[in-house]
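**Student:** no letters, just coordinates:
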């Protein structure tokens, strides 16, 4: 991430970020990316207790948070936990931690050096539209899943 303040909940003092319920982790994703929407649908299926909230990067809330952290949604999704931002593969470790159970076994991938993990993530992110395609806004989500979006 850039040199933007990473103090917990720093977005709360940014007047361009609409107020939202940040009592749960928030996963912000590219709503037209097939891979991204499919990943969100997967997380929702495994988050049976609705511990994670979701919003798309193209909407007002997601776009404002991306601007706050000086990020581009073409580069990475954003996962906010306890007001702290996580991106790239690190964010998925946080998702697994929040989901708990067997998903915490993903920690084994921390054995792969971070530069290699991030390089792999960036390769997929850069090519996701070409490899996986795009769809209408959150088209891969069911109506029930769409109702979970902020």
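**Tutor:** Right, received. Where do you want to start? Since the structure is predicted, the reported quantities are computational estimates derived from the model, not experimental observations. Residues are numbered from 1 along each chain as shown.

**Student:** residues in contact with residue 125?
**Tutor:** Counting by C-beta atoms under 8 Å, 6 or more residues apart in numbering, residue 125 touches 74, 75, 76. C-beta coordinates here come from the backbone N, C-alpha and C atoms, glycine included.

**Student:** same deal with residue 17?
**Tutor:** By C-beta under 8 Å, 6+ apart, the residues touching residue 17 are 11, 61, 64, 65, 68.

**Student:** Throw those into TSV and include neighbour count, thanks.
**Tutor:** Shown next, in TSV, are these (neighbours: other C-beta atoms under 10 Å):
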residue	neighbour count
11	24
61	20
64	16
65	23
68	19
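
**Student:** looking at those, which is nearest residue 131?
**Tutor:** Of all the contacts of residue 17, residue 131 sits closest to residue 65, with 26.3 Å by C-beta to C-beta.

**Student:** does that closest one lie in a helix or a strand, and which?
**Tutor:** helix 60-68 (DSSP states H and E).

**Student:** quick one: average pLDDT of that helix?
**Tutor:** On average, the pLDDT along helix 60-68 is 95.

**Student:** residues near the residue nearest to residue 97 when sequence neighbours are not counted, how many?
**Tutor:** The shortest distance from residue 97 to any non-neighbouring residue, by C-beta to C-beta, 6 or more residues apart in numbering, is to residue 104 (6.3 Å). For residue 104, the count of nearby residues is 13 (other C-beta atoms under 10 Å).
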